[in-house]
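In: Pasted the sequence and its predicted model underneath.
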Amino acid sequence: MARRTALDLLRMKADNRKIAMVTAYDYTMARLVDAAGVDMVLVGDSVGMVVQGLPDTLSVTLDDMAYHSRCVARGLQQAHLTVDMPFMSYQVSPEQALESAGRLVKEGHAQSVKLEGGVRSAPAVEMIVEAGIPVVGHIGLTPQSVHALGGWRVQGRGQEAAERLMRDALAIQEAGAFCVVLEMVPAELAAEVSAALGIPTIGIGAGPHCDGQVLVCNDLLGFDSGFKPRFVKRFAELEAPVVDAVRAYAEDVREGSFPAEEHSFHRRRGPRKVAKLY
Ligand code: KIV
């Protein structure tokens with residue numbers, strides 16, 4: 001089966017079909033989410049928090065993203081692969097942005113790249129798109145600006161902030177992005193932005209009226225029972241079963257019941273003790 005393209009995803013908005021997007025960071029998870037039939041897989045720079053155990057996304061490098069993208073690409077058969085451009089891999093200049101995007105395509109096998117920011121990132125988006133690399137925008141709460149935003153808060157609540165967000169969305173579309181993520185934005189504003197744009201909006205904490213939704217795979221699978229922001233719906237509770245399974249394994253090892261006969265190999269015949277050869 002062919003992988004979904006940017007054009008396929010644009011068509012989904014035109015056809016009024018919702019886009020399901022999820023993050024993945026390795027081959028195994030990529031294979032599973034692809035088999036589940038999601039439309040887009042994002043190698044998010046959330047890898048910093050989910051995989052590397054960091055407090056935010058700021059330390060993630062372009063090498064990290066290219067590595068995880070390569071792993072994920074090997075697991076996908078039908079879903080579109082988009083990859084985050086990490087902090088300071090595109091903010092310096094449009095030329096720097098193009099070079100970084102090129103690395104994610106060449107080394108990470110990305111089909112498109114995602115970068116944060118609206119009006120301020122439009123020149124970078126334009127240059128990457130001009131070079132033939134599809135771009136996904138990301139506005140609203142942009143985690144790479146967490147210090148400037150004063151924390152992880154809903155964006156676009158007041159009139160002025162809402163107008164700024166609409167300007168950002170239009171600038172990203174005008175620059176040539178084929179889709180835009182809206183993170184932590186009031187549902188009413190996300191609905192207005194989605195109606196104003198010809199490209200699909202993908203929401204996370206942005207209500208039900210976006211053209212698609214994205215969640216971090218570890219969140220929707222419930223790998224961390226202590227992490228439950230309002231916008232996350234857990235579709236499974238996998239933390240306890242994983243801990244229970246590994247605990248059962250450790251107990252079996254300690255009491256000698258694993259490995260059992262069915263997990264063991266034997267010599268063909270004539271068992272001469274190897275110890276005697278020494
Ligand atoms: O890094 C990420 O996982 C993201 C999504 C939450 C949109 O940017």
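Out: Thanks, I have the structure now. Being a predicted model, the structure only gives us computed values, none of them experimental. Numbers count the residues shown, from 1 in each chain.
In: Any buried residues in whichever helix or strand residue 124 is part of, and which?
Out: Per DSSP states H and E, residue 124 falls inside helix 122-130. Within helix 122-130, the residues that count as buried by 16 or more other CB atoms under 10 Å are 122, 124, 125, 126, 127, 128, 129. For glycine as for every other residue, the C-beta is placed from the backbone atoms N, C-alpha and C.
In: next one: stretch 42-55
Out: For stretch 42-55, the neighbour count (16+ other CB under 10 Å) marks 42, 43, 44, 45, 46, 47, 48, 49, 50 as buried.
In: Also stretch 212-228?
Out: By neighbour count on 16+ other CB under 10 Å, the buried set for stretch 212-228 is 212, 213, 214, 215, 216, 217, 218, 219, 220, 221, 222, 223.
In: now do stretch 33-43
Out: For stretch 33-43, by 16+ other CB under 10 Å, it's 33, 34, 38, 39, 40, 41, 42, 43.
In: Tell me who's in contact with residue 85.
Out: Residue 85 sits next to 45, 62, 65, 97, 100, 101, 104, 113, 114, 115 when contact means CB atoms under 8 Å, 6 or more residues apart in numbering.
In: could I get the buried residues of helix 122-130 as JSON lines with distance to residue 264 and pLDDT?
Out: Converted to JSON lines, the buried residues of helix 122-130 look like this (distance: CB to CB, whole Å; pLDDT from 0 to 100):
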{"residue": "122", "distance to residue 264": "63", "pLDDT": "98"}
{"residue": "124", "distance to residue 264": "58", "pLDDT": "98"}
{"residue": "125", "distance to residue 264": "58", "pLDDT": "98"}
{"residue": "126", "distance to residue 264": "62", "pLDDT": "98"}
{"residue": "127", "distance to residue 264": "60", "pLDDT": "98"}
{"residue": "128", "distance to residue 264": "55", "pLDDT": "98"}
{"residue": "129", "distance to residue 264": "58", "pLDDT": "98"}
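In: Please report the distance of whatever residue of the chain ends up closest to the ligand from residue 195.
Out: Nearest to the ligand, among the residues of the chain, is residue 44, at 2.3 Å (CB to the nearest ligand atom). Applying CB to CB, to the nearest Å, the value for residue 44 to residue 195 is 26 Å.
In: now do the same end-to-end measure for stretch 50-63.
Out: Stretch 50-63 stretches 17 Å from its first residue to its last (CA to CA, to the nearest Å).
In: try stretch 22-39
Out: 9 Å.
In: Just checking the distance from that stretch to the centre of its chain.
Out: With CA atoms, centre = their mean, to the nearest Å as the basis, stretch 22-39 stands 10 Å off its chain's centre.
In: again, but for stretch 242-262
Out: Distance, stretch centre to chain centre, for stretch 242-262: 34 Å (CA atoms, centre = their mean).
In: The ligand contacts on the protein?
Out: 23, 42, 44, 45, 46, 84, 138, 181, 183, 204, 214, 216 (CB under 6 Å from any ligand atom).
In: wait, the fourth one sits on residue 86?
Out: It stands for residue 45. Yes - taking CB atoms under 8 Å as the definition, residue 45 is a contact partner of residue 86 at 4.9 Å.
In: Identify the contacts common to those two.
Out: Residues touching both residue 45 and residue 86 (CB under 8 Å, 6+ apart) are 57, 60, 65, 144.
In: can you name the two of the residues you listed that are farthest apart?
Out: Largest separation among the shared contacts of residue 45 and residue 86 by CB to CB: 65 and 144, giving 12.6 Å.
In: Looking at those two, which has the bigger crowd around it?
Out: Neighbour tally, residue 65 and residue 144, criterion other CB atoms under 10 Å: the higher count belongs to residue 65, 28 against 24.
In: Which element, helix or strand, includes that one?
Out: helix 62-73.
In: next structured bit after that helix?
Out: In N-to-C order, the element after helix 62-73 by DSSP H and E is strand 80-84.
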